[in-house]
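Asks: Got a predicted structure here, sequence first:
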Amino acid sequence: MKFGKYFLFRKKDFPSEWSNKYIEYVELKLFIKRSILPKSLRFEPVDLENAFGETARMSAMILSRGKQVLDQSAVFFDQLEDQLNAFSAFYNQQESALLSRFTSPENDPQSRGKLLDDIVVLESFVLLNYTGVTKILKKFEKASGLGAASFADAMIHKLTRTTNFYYEKKLRAVKQELLSELKTNVPGSPPKALQRVDPRDVGRAQNDFPLSGARMNSEESNCPDAGEQNESIGNSHGVLRAPSYDVLAAIINSDANGSMSSTTALLQEGKSLETLFPAAAMLPNPRILITMSGAHGTDIKQALLRVLGESQCTIEDTSFSRLYHLVTYAVLVRLDTSSVEYGLFRKLRENARKWNATLQFDAYGENDVLPASLTDAPYPNRVKYYATILNQDGLSAKFLSDFTALLLRYRISVEKLRRLNFGRVMCSADYQLSVPKETNIDEFRQEIFQLTSEHSTDIALQEATVFRRSKRLVVFDMDSTLIQQEVVDEIAKYAGVVDQVASITHRAMMGELDFTSSLRERVGLLKGLPIKTIEQVKHNLTFTPGAHTLCRCLKRLGYKLAVISGGFIPLANHVKSELGLDYAFANSLKVTIDGSALTGEVQGPIVTGERKAELLEVIAQAENIVLDQAVAIGDGANDLHMLGQAGLGIAFNAKPRVQEKARNRINQKSLASVLYLLGHTDEDVRELIAS
């Protein structure tokens, strides 16, 4: 959700009588859009020509335009400063009332707990408005084209120095004293339901009382939906209430006895769903996401951390990304409101100016639900997938555009993008995707297949589980996969029955014959062929480009490798030996008693598609490998069972019908492209080959 909508949505969380006390974020934003942006110094040349004519001098155009934007900027700052002064007066009024209650004779536990709750509410109110001010100043700086960072800095400096706008010290001291009182005056017997929390119940509690709508930062969400979602937990606004005194006392007591995990736990007071609250470690302290971007990577990181090190804060998460010299460093911190100084944000701004960096921060309320990591898309109910894209001739901008449009249509977010190949042309990349749980993956795969067909570019989609990174077994078909020929066709050349074999093969492909019948007919045509012919065929086999590289790298990584072929065992054993495989399974040709010629018969069980899947499972069991850790690669219809059973099934340069049914496909020349689907880069391959 855009901040403007979020700002309006959060207004529901505060007393109705405060409704006219907010900074008017939306109105200020509209003023920028309507009055400042049209006169901005950030313009296209045609804009000036249209406004002043082609013959006007540049100096006159700039002076005129500059005067217009400065005049409107003055109006903007007048409005903002008036609102800040009004807000400061309101804050002073609220602060005086709270301080008066603190010094009043009425100091029973219930009233002290209520006072603490009200202080927390005021702090949250201030934090929301402070964030609104910094956001609107950013928008002004961008829209005006004045390079007005100094104006924004001056306003924030005035905000924190001359108004009681952000964590006034008196209230912070009162809050700390109230917390100390509560710790020393906890009732002896808290409610039974609150005496102990088993850390194992944390996950169950989060499932029972989901807070996915509380943050409301999902672009695809809207306020009414979020409200309905959160009504199920007894809070129509999706925000956890501040704890009552009894609840707070129970939390403090539990924490003091060491019986509560520091992990955030949701507790239920009595049998009512009206009051849900975080554990003691989650008592309201603001969380701030601070982001600094610029060209001085290590300096920026060190400057940000040095400022944070001088403040009382806890680092909850951090993220660092680089694009050549340009880096972005982000830190999610929890500030200790009892000791945070006004100078924190001033120091951050000073360091940002020093290193010519862009500074941004986002403030989150105590009950805002954030993703597990800063690198995760900030939307609820998501699953992660990897999409590996391949094109040996290079990834075109048109394909990347169409792929991105497909992702947008399914509301799929890109969390990471990593190039896998090296060289002047990008041929392979790995996307980490955040996919809505309700997405019809089969339908999405079908659209991927259509897209890849149009662009002759492969997309392999895999769920981002631990098994994607820990494959241990790869099984290959042989004909047209590890080698470029069909072995029965090669043998037929020596028997002089190429046309007859081709006719049978065509009938099988048309569905007129099943695999077993077609194999027996073709082998029957080889009757009387000298056995030494098989040795000649071995020397004529052509391995698929990249087969040796792929198998060598996989063996270095500790994989078990197998060939399971509908061809013949003498040739399968030859391929096994050449590539260093661990297993070879294929059909056996019956020979005459003297062993000199073929009889035209197959002996033993025929390796059909079903048999291939069975052998895959047998190998996996023998090696103590789960099928999710297995990869199967083939090109024919009799490989589909095997491809479907493996954790990752790949149709390699396969027949059209196989490509339609396979979950993933590769239509590249090199079999080594399979390494990209396993997440390996060209640099990984070089290192593995060199070792």
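Replies: Done, it's in.
Asks: Can you give the contact residues for whichever helix or strand Gln500 is part of?
Replies: Gln500 belongs to helix 498-509 when assigned by DSSP states H and E. Applying CB atoms under 8 Å, 6 or more residues apart in numbering, the contact partners of helix 498-509 are 486, 488-489, 492, 513-515, 517-518, 521-522, 525, 655. (C-beta placed from N, C-alpha, C; glycine too.)
Asks: Can you list the buried residues in it?
Replies: Buried residues in helix 498-509, counted by 16 or more other CB atoms under 10 Å: 501, 504-505, 508.
Asks: so what does the next helix or strand after that helix touch, helix or strand wise?
Replies: Using DSSP H and E, the helix or strand that follows helix 498-509 in sequence is helix 515-524. Contact analysis of helix 515-524 by 3 or more CB pairs under 8 Å, 6 or more residues apart in numbering; DSSP states H and E lists helix 487-495, helix 498-509, strand 598-603 as its packing neighbours.
Asks: from what I can see Ser311 touches Leu335, true?
Replies: Yes. Applying CB atoms under 8 Å, one finds Ser311 in contact with Leu335, separated by 6.9 Å.
Asks: Mutual contacts of these two, please.
Replies: Here Ser311 and Leu335 have Leu344 as joint contacts, going by CB under 8 Å, 6+ apart.
Asks: The helix holding Gln500 to helix 487-495, inter-axis angle?
Replies: Relative orientation of helix 498-509 and helix 487-495, computed by axes from the mean of the first three to the mean of the last three CA atoms, to 10 degrees: 160 degrees.
Asks: Just the CA atoms of helix 498-509, as CSV, please.
Replies: Listed next in CSV are the C-alpha coordinates belonging to helix 498-509 (Å, rounded to 0.1, in the frame of the first residue of the first chain):
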residue,chain,number,x,y,z
VAL,A,498,17.3,-48.0,-41.8
ASP,A,499,14.1,-47.3,-43.7
GLN,A,500,12.2,-50.1,-42.0
VAL,A,501,13.3,-49.1,-38.6
ALA,A,502,12.4,-45.4,-39.3
SER,A,503,8.9,-46.5,-40.4
ILE,A,504,8.3,-48.4,-37.2
THR,A,505,9.6,-45.5,-35.2
HIS,A,506,7.2,-43.1,-37.0
ARG,A,507,4.2,-45.4,-36.3
ALA,A,508,5.2,-45.4,-32.6
MET,A,509,5.4,-41.6,-32.5
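Asks: next one: it to chain centre, how far?
Replies: 49 Å (CA atoms, centre = their mean, to the nearest Å).
Asks: Which one of the contacts of helix 498-509 sits in the busiest neighbourhood?
Replies: Neighbours here mean other CB atoms under 10 Å. Within these, the largest count is held by Arg522, at 25 neighbours.
Asks: quick one: that residue and Ala495 touch, right?
Replies: No. Taking contact to mean CB under 8 Å, the distance of 10.2 Å between Arg522 and Ala495 leaves them out of contact.
Asks: Could you work out the most separated pair of the contacts of helix 498-509?
Replies: Between any two of the contacts of helix 498-509, the greatest separation by CB to CB is 22.7 Å, found for Leu525 and Lys655.
Asks: Which of the helices and strands packed on helix 515-524 has the lowest mean pLDDT?
Replies: Of all the helices and strands packed on helix 515-524, the segment with the smallest mean pLDDT is helix 498-509, scoring a mean of 85.
Asks: Give me the angle between that one and helix 515-524.
Replies: Between helix 498-509 and helix 515-524, the angle comes out at 180 degrees (the same axes, to 10 degrees).
Asks: Would you mind measuring from the residue lying farthest from the centre of the chain to His296?
Replies: The outermost residue of the chain, judged against the average C-alpha position, is Asp594 (65.0 Å), by CA atoms, centre = their mean. Taking CB to CB, to the nearest Å as the criterion, Asp594 is separated from His296 by 82 Å.
Asks: Give the residue spans of this structure that score low on pLDDT.
Replies: Per-residue confidence of the chain (counting by pLDDT under 70) places the weak regions at 1, 43-55, 147-169, 182-285, 336-343, 365-367, 509-511.
Asks: for it, what's the longest helix?
Replies: helix 58-103 (DSSP state H).
Asks: Show me what it is packed against.
Replies: Other elements packing on helix 58-103 under the criterion 3+ CB pairs under 8 Å, 6+ apart are helix 25-31, helix 45-52, helix 109-144, helix 149-162, helix 169-184.
Asks: switch the cut-off to 7 Å
Replies: helix 25-31, helix 109-144, helix 169-184 (3 or more CB pairs under 7 Å, 6 or more residues apart in numbering; DSSP states H and E).
Asks: and the spatially closest residue to Glu316 that is not a sequence neighbour, helix, strand or coil?
Replies: Counting by CB to CB, 6 or more residues apart in numbering, Leu332 is the residue found nearest to Glu316 once chain neighbours are left out, at 4.6 Å. Three states are possible here, and by DSSP: H, G, I helix; E, B strand; the rest coil the one that applies to Leu332 is strand.
Asks: What's the local residue count around Leu332?
Replies: Residues lying near Leu332 (other CB under 10 Å) number 20.
Asks: Leu395 too?
Replies: Leu395 sits with 20 neighbouring residues when counted by other CB under 10 Å.
Asks: so which of the helices and strands packed on helix 58-103 comes closest to Arg611?
Replies: Distance to Arg611, taken as CB to CB, is lowest for helix 109-144 among the helices and strands packed on helix 58-103, at 64.1 Å.
Asks: buried ones in the closest one?
Replies: Buried residues in helix 109-144, counting neighbours by 16+ other CB under 10 Å, are found at 109, 112-113, 115-141, 143-144.
Asks: on that earlier part again, what's the closest of the contacts of helix 498-509 to Gln72?
Replies: Gln72 has its nearest neighbour among the contacts of helix 498-509 in Lys655, at 66.4 Å by CB to CB.
Asks: show me the contacts for the closest one.
Replies: Residues in contact with Lys655 (CB atoms under 7 Å, 6 or more residues apart in numbering) are 635-637.
Asks: Val383 now?
Replies: Going by CB under 7 Å, 6+ apart, Val383 touches 435, 437, 463.
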